[in-house]
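In: Sharing a sequence plus its predicted fold:
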Amino acid sequence: MGSPAALPQGTTQEAMWPAATAEEWKKPCLVRWQRTFDDAMRVAREKHEPILVAVNMDGEIASEHYAGVRYREPETAALMNRYACVVASVYRHTPRDYDEQGRRVPCPRFQTVTCGEHIEAERELYAKYFEGKRVSPRHIVLGLDGAKTYDVYFSWDTATVFTTFRTGVEGWPPPIERHEKTTVDLTKSADVDDRERLERAYVEGNREAKRAILTSLAKEHVVDQAEVLRTAIFGLDLELAGLARRALAQCDTDGSLDLMAAALQAQLDEGEKKVLLDAVGRMAKSLPRARTLAALHSGLSQGSKHIDTDALAREYDATSVRGVDVDVDASARASAARPNEPGARLEFAEALLARAQESFDRRYATLLYQEAQSTAREAERLGAKGPRLDAVVAVTAAEFNDLDTARDRAVSAIEGGLLHLGDAAAPQGAKPGAALTAASRSRLLRLFADARQRAIRAAFREGKTWPPEWLSDVHAAYSVVAGDALAEPTPLVDYYDFLHWIGAASRANEVLEDALRRFPDSAVLHDRLRGKLLWEGGPELLERGYAERLARADAPNAAASQLSWFAGYATLVAAEHHRRRGAFERSVASYDRAVSLYERNAQLFPEGRDTCLHFEALARAGKARVALDRGDLDGATRELIAALALRPDSAATPDGLGITPVATALMLKARLAKAGDADRGAQVQAALDALDPRLLATPESEPIAPQSRGARGSRGRPR
């Protein structure tokens, strides 16, 4: 396509792909992206035009240029809109795709799609066309049969890409002149322009117009119009919502399946619920996710036949205080007296395992675990079998990271009845799990839940069905472990993730709050809390949620908790979300609050000062980038130099948008040179010269030579 062998002499990457200014980011994206790849194929065949796939990446210099500058230029849009365009990006720019009222939240970077849509497009297109390479920017031209005609990446210049845009439509007929479509015509069209017109017509129409649209969708299904149906289902008119659910039952795409899942969470009469579940069952013949949804609505209504949750909860209360009485010496003597008796060897293995779990000496405990494992294997060779043996093998295998064996034997132990304790009043010796310590029970339950979830995921990937009661097993296992006073954060996080996945949001939030009370400084729990707050209310709720936690009277004492550190990190994340949206004033204010929180934490915990300085430096570099985007070269220079001086070793660390302080410095230097500001350019260069040279090296993720067919060059940073 004419790409040069290298950048022209004296040209920098920053000059070839200049970053968008704040004003440019405010411009609308003029490329009309289709919402799904399937939509793009439909539109291409209807209009008889080729398909253009654009791959984009946050933080990569050329990708930023295309997203912030080129896709917003009328000249570029005129070239690209000769195609049915679809954009692919793995990065999320809004916390959620729909607000609390079910209204669509467009991606601020690409605008005609939601973040979920361009993420899903990336997943689908990666499997079909990317040949195992996640490279950006990349532009692929496809024919009506879906075959590639051009695939351009690793190009040194923009001219190469625009040559592709022009060449890709050569020989194709001129654009078809659009005719005015009726509302019924719009209900049958997958084109993004027609979808938006239909959605506006529904929102702005009176009740009769709304009813006519829904009746048309229910009467003749051609294309899923999930957004119109979502608006109706989440609306206040019960008749229109019911009509929309009937139309939804005829749909067959992934997006409609998501809407079915949301609709099924509401209180529906049995007739309407059955209509939707029948539709899910129909879709389950071709969509693995539909099989999962069908299983969700039949699996949790059953109790686990393998785990007696009530009896186990009582057992946990008892053993957490009492422990299991273990006499290793007596078991050893009994085993030595009956060397060929498998039962005696198994009891000795159980005693060794219990003693290992009580030991505070790690080296001694390891020896005991090894002895317990070899003794259990010897008992098995002598003929021992059953759930007690499986339990010892599972727990010891997990200790030595043989997780495949551990999961398999945990399933055998629990399916064998080990933890279905039955009558709590029965004598202790009659209970199958009586010889287990609380630690062994927790380990078994976690292994069992993990095995069930892996089996569900494997069936999902392979498109196979799986027993709905597996969900009940996972739920029962986690609920018992969460009730253990000695539980650690990891199983609580696993339980939260499981509840979140199945849509039990209220119970999931209870589990998360309880876990945070027990483990206020758990990084993984705070990760889930940030995700939850972002999902529910964006960066505003993220900051407010942590501010309220700091202010609450029952908040952990500042002298004993790292809450101020986690609040600083949450505020930094909020600043980056504001920056993505182009809300620069809010972004700067959040960056300043993050710096204050880290300064506060460094005073409380001087031993962690270096980590605080690291994030303060990234916050100052983020403010520099905002100033650069707004054209404030003086402010950008001041903040950037301060960031590099505050902690030089942080200069090559990417922020949440994938941009390093060094990358901002290079972009700033190019902008200063263009403005003829030699003095500030020299200040920035001096700050760069003061850094360790290794911090200025090209990251490994940015290849400096072409690695595949396509236009030649160094751009295209693999994700």
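Out: Nice, I can see it.

In: Enumerate the positions of the longest helix belonging to the chain that are buried.
Out: When the chain is parsed with DSSP state H, its longest helix is helix 523-551. Neighbour-count burial for helix 523-551, counted by 16 or more other C-beta atoms under 10 Å, picks out 525-526, 528-530, 532-534, 537-543, 545-546, 549-550. Just so you know, the C-beta spots here come from the backbone N, C-alpha and C atoms, and that holds for glycine as well.

In: I'd like the average pLDDT over that helix.
Out: For helix 523-551, mean pLDDT is 93.

In: Count the neighbours of R671 for me.
Out: Using other C-beta atoms under 10 Å, R671 has 23 neighbouring residues.

In: separation between it and W466?
Out: 56 Å (C-beta to C-beta, to the nearest Å).

In: For A583, give me the pLDDT.
Out: 90.

In: how many other residues sit next to it?
Out: A583: 18 neighbours (other C-beta under 10 Å).

In: Then K27?
Out: Around K27 there are 15 residues (other C-beta under 10 Å).

In: One more: P606?
Out: Around P606 there are 9 residues (other C-beta under 10 Å).

In: returning to that earlier point: right, and the helix or strand after the longest helix of the chain?
Out: Counting by DSSP states H and E, the next helix or strand C-terminal to helix 523-551 is helix 563-581.

In: what are the ranges of the strands in the stretch 51-200 of the chain?
Out: 51-55, 84-88, 138-142, 148-153 (DSSP state E, counting those that start in this stretch).

In: Dump the ones you listed to CSV, plus mean pLDDT and mean neighbour count.
Out: Converted to CSV, these look like this (pLDDT from 0 to 100; neighbours: other C-beta atoms under 10 Å):
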stretch, mean pLDDT, mean neighbour count
strand 51-55, 97, 27
strand 84-88, 97, 27
strand 138-142, 96, 25
strand 148-153, 93, 19
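
In: now for those strands, which one comes closest to D327?
Out: strand 84-88 (63.5 Å; C-beta to C-beta).

In: Off-centre distance for the closest one?
Out: Distance of strand 84-88 from its chain centroid, counting by C-alpha atoms, centre = their mean, to the nearest Å, is 22 Å.

In: try stretch 262-271
Out: So, by C-alpha atoms, centre = their mean, the centroid of stretch 262-271 is 27 Å from its chain's centroid.

In: For the stretch 301-450 of the chain, give me the ranges with low pLDDT.
Out: For the stretch 301-450 of the chain, the stretches with pLDDT under 70 are 301-302, 314-326, 420-435.

In: actually the chain, sorry about that
Out: 1, 299-302, 314-326, 420-435, 553-560, 698-719.

In: show me where the stretch 551-700 of the chain has helices.
Out: 563-581, 584-604, 609-629, 633-646, 661-675, 678-689 (DSSP state H, counting those that start in this stretch).

In: Any chance of these in CSV with distance to H93 as columns?
Out: Below are the helices of the stretch 551-700 of the chain laid out as CSV (distance: least, C-beta to C-beta, whole Å):
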stretch, distance to H93
helix 563-581, 5
helix 584-604, 14
helix 609-629, 15
helix 633-646, 23
helix 661-675, 19
helix 678-689, 29
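
In: Relative to T12, which of these is closest?
Out: Taking these one by one with C-beta to C-beta, helix 661-675 is closest: 5.8 Å.

In: got the angle for the closest one vs helix 609-629?
Out: On the basis of axes from the mean of the first three to the mean of the last three C-alpha atoms, to 10 degrees, helix 661-675 is oriented at 30 degrees to helix 609-629.

In: for helix 661-675, packing partners?
Out: Under the contact criterion of 3 or more C-beta pairs under 8 Å, 6 or more residues apart in numbering; DSSP states H and E, helix 661-675 touches helix 13-16, helix 609-629, helix 633-646, helix 678-689.
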